[in-house]
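Asks: only geometry, no sequence info:
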DNA sequence: TTAATAGTGTCTATGAGACAGTATGCC
DNA sequence: GGCATACTGTCTCATAGACACTATTAA
């Protein structure tokens, strides 16, 4: 390691916040109110403050820009994006975080800098979608891919669910995130035979059409072995 | 994203370079020749230069500090470490990279700043090991864990092997990295039945005791499905 | 001939995937 | 009763894991 030199870059955090609502995978985006990319869609995020740790900065930016009560259930570091030229203002190194949350209310964050809302990812990846600012499209792609693969071998799917959920709701999470159909019977067997994936509450959800469903909570297990095939 | 502010931190890259030699997993370390942590062991790395991309910085530092001819076969971003206080000189954000290499010659890098050499990881993790500078012990732990899990579901083990290798050599890589015995017969069957993992060269290695072994090269496959259980 | 390593074959238990039927609510 | 959804059960095929034998060299 060479001698001490003056800092060359700003440090930012950007968040890929995913949720499942209305049977579709949604991403939390902001509409930028300032230059550069004014009016474009972007990920929530911002510069890290002095003596501020990165997860703290991520949570702070999320609160400031979205005003969503209650932190997301899962927050993990995704990757760092540092290509020179990725920000027209100068060199910015962005540490991206991936957050998974249950179906939260529509954010009310509406500062002068940004307006936040949920956007179906299908309207971002397709050709008809609005482009994202900076290199955020790459970050989103990486975040979604991380989420998809983590559903295979971890119990993270439950973080998309409310406190109490049915097996069918859990399966819908998989189907929506993966964009594929799963056999309800095999899925049921797999989930219930995996120790610590879900815990029965004894409660029953009634009121909807069809046979009432048992309600479960998240179990203590974090890893799935064997994994669930995509 | 808020308004532009002055940079608050330096950007560094640090490398976890792993190899298998003498039937043991080895880490490339440097002995620091300058303060702080002068005389302590540390990971190769250094500050990122203006307009320099991170992978380029990683390769440059590796060359400068180790003078090992030929780049490592695999280089991937590991994680970013940014906790305030991790460097006594001031705030430094370090983007760690994981590199896997075949059994390379002992590095000749011996600048005034650092002296580089291979160290068995068993002498770093145990209680008898020399401590590493900064938070590099955490980085090494994360790097080794990444390597271990990637052997399960990717063909990365071949990057620890020379250009031509035997199935037994490949199995040794798994055994050394995982610290566990594998059944030679089941391993053979698994590797050869996975399309594109290894490609037979038709050559035979003779001269050693026992029946001569067939030589293989890396195949085109990158992922293993189903994975190899640890 | 013996030692040492390379490679092949067989059996079994487990689990994924495909599929049919039963249970229990609301209308 | 009819419909919709929840849940249980069965069969088959693939494969991981355990284990024994044969093949081919050097000393």
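Replies: Right, received. Where do you want to start? What you see is a predicted model; the values in this text were computed from it and never measured.

Asks: Verify the contact between residue A:104 and residue A:17 for me.
Replies: No - using Cβ atoms under 8 Å, residue A:104 makes no contact with residue A:17, being 9.0 Å away. No exception for glycine: its C-beta is placed from N, CA and C like everyone else's.

Asks: Residue in chain A with the shortest distance to DNA strand D?
Replies: As assessed by Cβ to the nearest atom of the strand, DNA strand D sits closest to residue A:210 within chain A, at 2.2 Å.

Asks: what number of residues lie near that residue?
Replies: 6 (other Cβ atoms under 10 Å in any protein chain shown).

Asks: With residue A:5 instead?
Replies: Neighbours of residue A:5 using other Cβ under 10 Å come to 12.

Asks: next one: residue A:29
Replies: Neighbours of residue A:29 (other Cβ under 10 Å): 28.

Asks: is it fair to say it lies in a strand?
Replies: Yes - counting by DSSP: H, G, I helix; E, B strand; the rest coil, residue A:29 is located in a strand.

Asks: Three-state assignment for the closest residue to residue A:123 other than its chain neighbours, please.
Replies: With sequence-adjacent residues excluded and distances taken as Cβ to Cβ, 6 or more residues apart in numbering or on different chains, residue A:123 is closest to residue A:129, at 4.8 Å. Recorded secondary structure, residue A:129: coil (three-state DSSP).

Asks: Could I get the buried residue list for the worst-scoring helix or strand of chain A on mean pLDDT?
Replies: Lowest by mean pLDDT, DSSP states H and E among the helices and strands of chain A is helix A:122-125, with a mean of 87. By neighbour count with 16 or more other Cβ atoms under 10 Å in any protein chain shown, helix A:122-125 contains the buried residues residue A:124.

Asks: who touches it?
Replies: A:24, A:25, A:27, A:29, A:41, A:129, A:130, A:132, A:137, A:140, A:141 (Cβ atoms under 8 Å, 6 or more residues apart in numbering or on different chains).

Asks: Stretch A:68-78 now?
Replies: Applying Cβ under 8 Å, 6+ apart, the set of residues contacting stretch A:68-78 from outside is A:16-17, A:54-55, A:58-59, A:62, A:95-102, A:104-105, A:107, A:109, A:139, A:142-143, A:146, A:156, A:159, B:79-80.

Asks: Which of these fall within helices?
Replies: Among the contacts of stretch A:68-78, the subset assigned to helices under DSSP state H consists of A:54, A:55, A:58, A:59, A:62, A:139, A:142, A:143, A:146.

Asks: List the residues that contact the last one.
Replies: So that's residue A:146. Listed by Cβ under 8 Å, 6+ apart, the contact partners of residue A:146 are A:78, A:98.

Asks: roughly how far apart are it and residue B:181?
Replies: As for residue A:146, its distance to residue B:181 is 33 Å (criterion: Cβ to Cβ, to the nearest Å).

Asks: thinking again about what came up before, what's the distance between the residue of chain A closest to DNA strand D and DNA strand C?
Replies: 5 Å (Cβ to the nearest atom of the strand, to the nearest Å).

Asks: Report the mean confidence score over stretch A:49-64.
Replies: What stretch A:49-64 shows for mean pLDDT is 94.

Asks: That stretch and chain B in contact?
Replies: Yes - Stretch A:49-64 is in contact with chain B by Cβ under 8 Å from any Cβ of the partner chain, via A:49, A:50, A:51, A:52, A:53, A:54.

Asks: Buried only: go through these for me.
Replies: Buried by 16+ other Cβ under 10 Å: A:52, A:54, out of those.

Asks: can you tell me which two in the residues of stretch A:49-64 next to chain B are farthest apart?
Replies: A:50 and A:54 (13.0 Å; Cβ to Cβ).

Asks: rewinding a little: and the contacts of stretch A:68-78, which of them are buried?
Replies: A:16-17, A:54-55, A:58-59, A:62, A:95-102, A:104, A:107, A:109, A:139, A:142-143, A:146, A:156, A:159, B:79-80.

Asks: Let me see the ranges of the strands in chain A.
Replies: With strands called from DSSP state E, chain A shows them at A:10-21, A:24-32, A:41-42, A:45-47, A:74-81, A:92-100, A:114-120, A:198-205, A:213-218.
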